[in-house]
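**Q** What follows is a predicted protein model with its sequence.
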Amino acid sequence: MTFFRRPSTKLTMAVAPVAVVIGAVVISAVVISANVPAARAAEADAGQAGGAIDSVVVFVDRARVSRVASAACEGGKAKVTFVRLPDALDPRTLRGEVAGAAEVIGLLTDRVTEQKAADPRARELEEQQERLLVTIRGLDARRSAIASELEGVDAYRGVFESTVTEEMRNPHPSTAAWSAALESFRARRAAREEERRKNEIAMRALRRQLERVDRELAGVGLGVGSVGTRAHRTAAVVVACRDLKRVSATLSYVVPGATWRPEYDLDFTPRGRGKGGPGLARLTVGALIRQTTGEDWPAARVSLSTARPKLGSEAPQPAPLLVEGAAERRDNVLVQAQERRDELKSAGGAGRTGPTAADLDDKGNAFVLTLPHRVTVVADGRPLWSPVDVREAAAAVKLVATPKLDEHVYQVVALPNPCAYPLLEGRVRAYRAGSFVGDAAFPYRGVGEPMEVSLGIDEEMKVERKTVDDRDQKAGLLASTKHLVRSYRVKVANGGNSAETVEVRENIPVSQVDEVKIEVVAQRTTPGYVLDARRGFMTWSVPLKSGEWRTTDLGYAIHLPDSWQVNGVQ
């Protein structure tokens, strides 16, 4: 397989500052920059035609886009229009800002389909359709009211007939009053019937007009029930100009479909010709950006944020806290947890492709990285790699063996994090003197925290590990403590032509309870080790001449009460 080094790290480019924001602290750094006068000119031309994209903040699962446009003031006001915004944007996040003494007094937005934008009749037909629907809804409501009034007239007529039946027993009935009441009922009912007839005639005419408008809208693909029409949004920032003749406004919004993840290049240049020793490490912090937001970002200022904005959510109300307790018998069990150092795996292996953007872990300290130059990100989902920062620092290569995990010796570059911000989990591509040696997973590293990057397996060095003693010693007659004895031997051989030093790493258990004690058995352990008591790591520096092999022994004992159970402790 042939590997190619990223050409971007070999180009001759100008140097420009990049701003790295951590909380409220702004740190300056030297980074790679590119010359983009043509892109800036294109951006300026687009800015006069409905709002050019000026800046983008990419979060782990979305982006905040800012557009800039200007408009002339008329009558003390201006309407700055932004066109062809993505349909997927969240309208709740639309925000308008204006520079200078002017003031934003309103923000309008509308959804426009492609057919509506292409056919000038579409908007007029939609407005006519809406007016017809409103009128029809009004006539329909009036028809229901007329039916209720007719029911009322009929009800009063029944009451009147009952009353007349009783009045006819009167020797002198008031027939004139009867006639007037009957005429009133007849006239009122006739008026409502005539109104209902006219209502039905008008309703039929309006529905015929609505059908005609629907047919015309269907001709441009916007009829009722039409599907598959592409759409976008427009927005207008209404500005009070005060004494200004022209105003410039910024519109920002949040849109889903954007993501990023970090990627690193580490190039180590040794000072000497040996496998180990000091040298210079050049760390390039890069980012892979993808977006399918529905709009391209041409020549935009892009920032990368580890924040996770949550839209449409609210803090929950605290529920009542209920505490229950009951006596429970609990057995003491000795168990083992093991810490792995996977960063020492072979740099040349296929491995996983690294974490996705949604998995970015900033350890609760959100920060922002700003790209040093404007970039164009096309909305087709393809990844765009861009350098963010370049740092150089003193480093050293050493040979490391962790035989409990892997029976290989690795060349490892060790240095503190040279950046003024944390390095997130990602992938690192390793180079030695400009030659690509492979890539590997890279864990989170805080500011100044020691970091190690593997340069791959050293085939000339061999390491073996075997168990010498593995026994459990029960408590005696006069004692209540039992002992777990473990002993191992590590053999390291140098098959190369030069003398080398191998750092052998082993570990012992770490007790977190007072009843359990851990003891390094001096008679079974090779002296000269360095012990990290908090984590239980033991390290030996083993010098080896060409063709020489040496052994390193480790022995320890675990002392614990006899009543404790033991589950697979090594």
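**A** Cool, the structure landed.

**Q** Please identify the pairing partners of the longest strand belonging to the chain and their relative orientation?
**A** Selection of the longest strand in the chain by residue count, based on DSSP state E, yields strand 384-401. Looking at strand 384-401 with DSSP bridges, its partner strands are strand 277-291 (antiparallel), strand 409-416 (antiparallel), strand 500-507 (parallel).

**Q** Pull out the buried residues from it.
**A** Within strand 384-401, the residues scored as buried using 16 or more other C-beta atoms under 10 Å are 384, 386-391, 395-401. Using the backbone N, CA and C atoms, a C-beta is placed for each residue, glycine as well.

**Q** For this protein, which residues score under the pLDDT cut-off?
**A** Residues of the chain that meet the criterion pLDDT under 70 lie in 1-50, 114-123, 159-161, 164-175, 177-178, 219-230, 310-319, 321-365, 476-478, 567-570.

**Q** Break it down into its structural domains.
**A** Domains of the chain are assigned by automatic domain parsing as 124-219, 463-566.

**Q** Next, the distance between the ends of stretch 503-513.
**A** Chord length of stretch 503-513, first to last residue, is 31 Å (C-alpha to C-alpha, to the nearest Å).

**Q** buried sites along that stretch?
**A** For stretch 503-513, by 16+ other C-beta under 10 Å, it's 503, 504, 505, 506, 507, 508, 509.

**Q** Return the closest of those residues with respect to residue 202.
**A** Nearest to residue 202, judged by C-beta to C-beta, of those is residue 507 at 89.7 Å.

**Q** send the alpha carbons of whichever helix or strand residue 298 is part of over as PDB?
**A** Residue 298 belongs to strand 297-305 when elements are defined using DSSP states H and E. What follows is strand 297-305, C-alpha atoms only, in PDB (Å, rounded to 0.1, in the frame of the first residue of the first chain):
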ATOM      1  CA  TRP A 297     -20.900  28.300   2.400                       C
ATOM      2  CA  PRO A 298     -18.700  30.100  -0.100                       C
ATOM      3  CA  ALA A 299     -15.600  31.800   1.300                       C
ATOM      4  CA  ALA A 300     -17.000  31.900   4.800                       C
ATOM      5  CA  ARG A 301     -15.300  32.500   8.100                       C
ATOM      6  CA  VAL A 302     -15.800  29.200   9.900                       C
ATOM      7  CA  SER A 303     -15.500  28.500  13.600                       C
ATOM      8  CA  LEU A 304     -15.800  25.100  15.300                       C
ATOM      9  CA  SER A 305     -17.500  24.700  18.600                       C
END
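
**Q** Now do it: which elements does it pack against?
**A** helix 37-47, strand 52-58, strand 277-291, strand 367-370, strand 375-377 (3 or more C-beta pairs under 8 Å, 6 or more residues apart in numbering; DSSP states H and E).

**Q** distance between the longest one and the chain's centre?
**A** In other words, strand 277-291. 22 Å (C-alpha atoms, centre = their mean, to the nearest Å).

**Q** what is the orientation angle of it with strand 297-305?
**A** 120 degrees (axes from the mean of the first three to the mean of the last three C-alpha atoms, to 10 degrees).

**Q** re the thing from before, dump the buried residues of stretch 503-513 to CSV, plus distance to residue 203.
**A** Converted to CSV, those look like this (distance: C-beta to C-beta, whole Å):
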residue, distance to residue 203
503, 91
504, 93
505, 88
506, 91
507, 86
508, 90
509, 87
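
**Q** how many other residues sit next to the closest residue to residue 542 other than its chain neighbours?
**A** Closest residue to residue 542 apart from its sequence neighbours, by C-beta to C-beta, 6 or more residues apart in numbering: residue 502 at 4.9 Å. Residues lying near residue 502 (other C-beta atoms under 10 Å) number 26.

**Q** just checking, residue 502 touches residue 410?
**A** No: taking contacts as C-beta atoms under 8 Å, residue 502 lies outside contact range of residue 410: 9.9 Å.

**Q** Overlap of the contact sets of these two?
**A** 399, 400, 401 (C-beta atoms under 8 Å, 6 or more residues apart in numbering).

**Q** Can you lay out these as CSV showing distance to residue 424?
**A** Listed next are the shared contacts of residue 502 and residue 410 as CSV, based on distance: C-beta to C-beta, whole Å:
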residue, distance to residue 424
399, 28
400, 24
401, 29
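
**Q** what's the closest of those residues to residue 467?
**A** Closest to residue 467, out of all of those and judged by C-beta to C-beta, is residue 401, at 16.9 Å.

**Q** ok, that closest one - contacts?
**A** Counting by C-beta under 8 Å, 6+ apart, residue 401 has contacts 408, 409, 410, 461, 463, 490, 492, 502, 503, 504, 505.

**Q** which non-adjacent residue is nearest residue 377?
**A** residue 297 is the one closest to residue 377 (C-beta to C-beta, 6+ apart), at 4.4 Å.

**Q** Tally up the residues packed near that neighbour, please.
**A** Residue 297 has 25 nearby residues by other C-beta under 10 Å.

**Q** residues near the closest residue to residue 479 other than its chain neighbours, how many?
**A** Among residues not flanking residue 479 along the chain, residue 562 sits closest, at 8.0 Å (C-beta to C-beta, 6+ apart). Using other C-beta under 10 Å, residue 562 has 11 other residues around it.

**Q** I figured residue 562 was touching residue 473, is that so?
**A** No: the criterion here is C-beta under 8 Å, and residue 562 misses it with residue 473 at 10.6 Å.

**Q** Look up the residues that both of these two are in contact with.
**A** Common neighbours of residue 562 and residue 473 (C-beta under 8 Å, 6+ apart) are residue 482.

**Q** ok, back up a step: closest one of the buried residues of stretch 503-513 to residue 153?
**A** Nearest to residue 153 among the buried residues of stretch 503-513, with distances taken as C-beta to C-beta, is residue 509, at 96.5 Å.

**Q** thought the closest one was touching residue 518?
**A** Yes: if you go by C-beta under 8 Å, residue 509 and residue 518 touch, sitting 5.5 Å apart.

**Q** Please enumerate the shared neighbours of those two.
**A** Shared contacts of residue 509 and residue 518, counting by C-beta under 8 Å, 6+ apart, come down to 536, 556, 558.

**Q** so the residue nearest to residue 544 when sequence neighbours are not counted bridges to which residues?
**A** With sequence-adjacent residues excluded and distances taken as C-beta to C-beta, 6+ apart, residue 544 is closest to residue 494, at 3.8 Å. Following DSSP bridges, residue 494 is listed with bridge partners residue 461.

**Q** Residue 494 contacts residue 460, correct?
**A** Yes: assessed by C-beta under 8 Å, residue 494 is found in contact with residue 460 at 7.1 Å.

**Q** and those two? which has more neighbours close in?
**A** residue 494 (25 against 16).

**Q** Can you give me every residue that contacts the more buried one?
**A** 460, 461, 500, 502, 544, 545, 546, 547, 548, 549.

**Q** and the closest residue in space to residue 520 that isn't next to it in sequence, what does it touch?
**A** Nearest non-adjacent residue to residue 520, counting by C-beta to C-beta, 6+ apart: residue 556, 5.2 Å away. Counting by C-beta under 8 Å, 6+ apart, residue 556 makes contact with 486, 487, 508, 509, 518, 519, 520, 521, 525.

**Q** Quick check: bridge partners of the second one?
**A** Right, the one you point to is residue 487. residue 469, residue 555.

**Q** which element is residue 438 on?
**A** strand 435-442.

**Q** and residue 415, what are its bridge partners?
**A** Bridge pairing for residue 415 - DSSP bridges - gives residue 451.
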